[in-house]
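Colleague: Need the 3D shape of this:
(2 chains)
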There are 2 protein chains.
Amino acid sequence: VSVLREIEAITVDIFGTTVDWRTGVIDALNRLSAKKDLPFDAGALVDAWRERYLPAVAQINDGEREWANLDTIHGEALSECLDVFGYSAYFDAAERAEMVRAWYVLPPWRDSLDGLRKLRENHLVVALSNGSFALLARLIKTAGLPFDAIISAENVHAYKPDVRAYRHAARLLDLPPERILMVAAHTWDIDGARAAGLRTAFVERPDEKGPARAADRAEDTVSDLTATSFTELADALVRG
Amino acid sequence: VSVLREIEAITVDIFGTTVDWRTGVIDALNRLSAKKDLPFDAGALVDAWRERYLPAVAQINDGEREWANLDTIHGEALSECLDVFGYSAYFDAAERAEMVRAWYVLPPWRDSLDGLRKLRENHLVVALSNGSFALLARLIKTAGLPFDAIISAENVHAYKPDVRAYRHAARLLDLPPERILMVAAHTWDIDGARAAGLRTAFVERPDEKGPARAADRAEDTVSDLTATSFTELADALVRG
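Modeller: Down below sits the predicted model:
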């Protein structure tokens, strides 16, 4: 795949692609609810919580709503979910803030650290995420993810998959979009990056959405490359 | 110094504080001019070049001029200096661009890598520089500097020592300014950070401006802490 020889920078999605948000947030919610006498289904709550993410982001990208950062979106969606599940009375504002902070500390997938380290040997490897800069800086540090830099959609007040988010990254990196490879486990992210002129690599994360839900699949989008891990991706790039 | 116990993030200046710009740029210019029959004094040229930096930045901060990034400022100042030194006819546009790129690859001071690594053990350690994001990402990667993240003044279109540059960093990090420690080898940077409400650490870099010029001195500003290296600074923070 000769276009890959031109790649100078690799932009990498975080939630679901690099870290296992579902396991991390479920663990945090279970810790928080352990003391309560509640039939608490953290998995169901987290799935409902995450489902509200893309529609909220779309509202902002479409101009139906002013900019709000991911913490705000997470906080609002959490309140809705707590209502729907009948848990509202059990969690006060401080506990809800702590639940939102669960997204700041998430476990990397098994291959993320080694794979990113390999990718960094030959490329500038940059996190490109809808998380706020403050969240990303802490998440990436805590997880020990070896990124060269962090770019948040917050800078440009447009979320992925809006093309503005990817073009902003290209501008900041001072590169034409076709010299950047966007790595993501979601078809919508790949589609947005491709629309902005970036090269794309789909990394399969079959467990991202838990045992009951199907993860996004490579065959449902068009990408320059597909891989099952960052390590495999690094090998594919070395082969060109 | 008990205020230091409250520090959560450390923002670090790059040119002069973390890397030895003068040695790096002189080496690059000497390589570029080696083939020319010229009485080329790279040290004098670089000193004159750097002297034009703060006045150019001030023009932008004062609103006398629209935003221009550091590469543009460097390119313009270089052309002026080549004129003044009578070297203009000897360097074409491509060579001048290469000279501007000399600022992308600079050697760290001896203690920078170890010292930053130590600082990172207990704090979020972030580059905060007037260099463009593209420049900083490449400089930091090439030098192997272990930063958690990079913040460029470019994001907010205001250069240090304008308070907007520091406040932007505080906003991005989601921290009150007094929980951030700005580390710099320049009195103007310390002064700007203090005016924005940050804590400050002056790191002495006596060789920054070469043998013929005096470096900035700790006694010419007011800072919460002074040190002669990042390693010493890390030790001082651990002691609190």
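Colleague: what's the spacing between whichever strand or helix holds residue A:171 and its chain's center?
Modeller: Following DSSP states H and E, the helix or strand that holds residue A:171 is helix A:163-173. How far helix A:163-173 lies from its chain's middle: 16 Å, per CA atoms, centre = their mean, to the nearest Å.
Colleague: Repeat that for stretch A:127-138.
Modeller: For stretch A:127-138, the distance to the chain centre is 9 Å (CA atoms, centre = their mean).
Colleague: again, but for stretch A:44-52
Modeller: Distance of stretch A:44-52 from its chain centroid, counting by CA atoms, centre = their mean, is 15 Å.
Colleague: about what we covered before: past the helix holding residue A:171, which element shows up next along the chain?
Modeller: Next along the chain after helix A:163-173, taking DSSP H and E as the criterion, comes strand A:180-184.
Colleague: Could you check stretch A:111-118 against chain B for contacts?
Modeller: No. Stretch A:111-118 does not reach chain B (CB under 8 Å from any CB of the partner chain); its nearest approach is 12.9 Å. The C-beta positions use only the backbone N, C-alpha and C, and glycine is treated the same way.
Colleague: confidence score at the closest residue to residue A:110 other than its chain neighbours?
Modeller: The spatial neighbour of residue A:110 that comes closest, neighbours along the chain excluded (CB to CB, 6 or more residues apart in numbering or on different chains), is residue A:229 at 7.8 Å. According to the prediction, residue A:229 has pLDDT 98.
Colleague: got the phi/psi numbers for residue A:229?
Modeller: For residue A:229, the backbone dihedrals (degrees, to the nearest 10) come out as phi -160, psi 160.
Colleague: related to what we said a few turns ago, elements contacting the helix holding residue A:171?
Modeller: strand A:9-12, strand A:124-129, strand A:149-152, strand A:180-184, helix A:187-195, helix B:133-143 (3 or more CB pairs under 8 Å, 6 or more residues apart in numbering or on different chains; DSSP states H and E).
Colleague: Alpha carbons only: can I get it in PDB?
Modeller: C-alpha atoms of helix A:163-173 as PDB (Å, rounded to 0.1, in the frame of the first residue of the first chain):
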ATOM      1  CA  VAL A 163     -14.000  17.500   9.100                       C
ATOM      2  CA  ARG A 164     -12.900  20.600  11.000                       C
ATOM      3  CA  ALA A 165     -11.500  18.500  13.800                       C
ATOM      4  CA  TYR A 166      -9.200  16.600  11.500                       C
ATOM      5  CA  ARG A 167      -8.200  19.600   9.500                       C
ATOM      6  CA  HIS A 168      -7.400  21.500  12.600                       C
ATOM      7  CA  ALA A 169      -5.000  18.600  13.500                       C
ATOM      8  CA  ALA A 170      -3.400  18.800  10.000                       C
ATOM      9  CA  ARG A 171      -3.000  22.500  10.400                       C
ATOM     10  CA  LEU A 172      -1.400  22.200  13.900                       C
ATOM     11  CA  LEU A 173       1.000  19.500  12.600                       C
END
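Colleague: what's the longest helix in chain A?
Modeller: What stands out as the longest helix in chain A, according to DSSP state H, is helix A:70-85.
Colleague: gap between that one and the chain center?
Modeller: On CA atoms, centre = their mean, the centre of helix A:70-85 falls 18 Å from the chain's centre.
Colleague: so that helix versus helix A:133-143, what angle?
Modeller: 80 degrees (axes from the mean of the first three to the mean of the last three CA atoms, to 10 degrees).
Colleague: for helix A:70-85, packing partners?
Modeller: helix A:42-51, helix A:53-61, helix A:93-101.
Colleague: still on that earlier bit, turn the helices and strands packed on helix A:163-173 into a markdown table, including mean pLDDT.
Modeller: Listed next are these as a markdown table, based on pLDDT from 0 to 100:
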| stretch | mean pLDDT |
| --- | --- |
| strand A:9-12 | 98 |
| strand A:124-129 | 98 |
| strand A:149-152 | 98 |
| strand A:180-184 | 98 |
| helix A:187-195 | 98 |
| helix B:133-143 | 98 |
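Colleague: And these: which comes nearest residue A:137?
Modeller: Taking CB to CB, strand A:149-152 is the member of the helices and strands packed on helix A:163-173 nearest to residue A:137, at 6.2 Å.
Colleague: residues in chain A within reach of chain B, list them.
Modeller: Residues of chain A lying close to chain B by CB under 8 Å from any CB are A:120, A:124, A:126, A:132-134, A:136-138, A:140-141, A:148-150, A:154-155, A:172-175.
Colleague: Report the residue spans of chain A with pLDDT below the cut-off.
Modeller: Along chain A, the parts satisfying pLDDT under 70 run over A:1.
Colleague: again, 90 this time
Modeller: Applying pLDDT under 90 to chain A flags the ranges A:1-5, A:35-39, A:212, A:238-240.
Colleague: Buried residues, stretch A:91-104. List them.
Modeller: Of all the residues in stretch A:91-104, those buried under the rule 16 or more other CB atoms under 10 Å in any protein chain shown are A:91, A:96, A:99, A:100, A:102, A:103, A:104.
Colleague: Ignore what I typed, I meant stretch A:158-172.
Modeller: When burial is assessed from 16+ other CB under 10 Å, stretch A:158-172 yields the following buried residues: A:158-170, A:172.
Colleague: list the contacts for the closest residue to residue A:77 other than its chain neighbours?
Modeller: Distances taken as CB to CB, 6+ apart place residue A:52 nearest to residue A:77, at 3.8 Å, with adjacent residues excluded. Residue A:52 makes contacts with A:73, A:77, A:80, A:81, as judged by CB atoms under 8 Å, 6 or more residues apart in numbering or on different chains.
Colleague: What's the local residue count around the last one?
Modeller: If you count neighbours by other CB atoms under 10 Å in any protein chain shown, residue A:81 ends up with 21.
Colleague: That one against residue A:48, yeah?
Modeller: Yes. Counting by CB atoms under 8 Å, residue A:81 touches residue A:48, with 4.7 Å between them.
Colleague: just the buried residues of stretch A:91-104 now: which is nearest residue B:9?
Modeller: Nearest member of the buried residues of stretch A:91-104 to residue B:9, counting by CB to CB, is residue A:104, at 14.1 Å.
Colleague: From residue B:155, how far off is the closest one?
Modeller: Using CB to CB, to the nearest Å, residue A:104 is found at 21 Å from residue B:155.
Colleague: Could you do residue A:135 as well?
Modeller: 17 Å.
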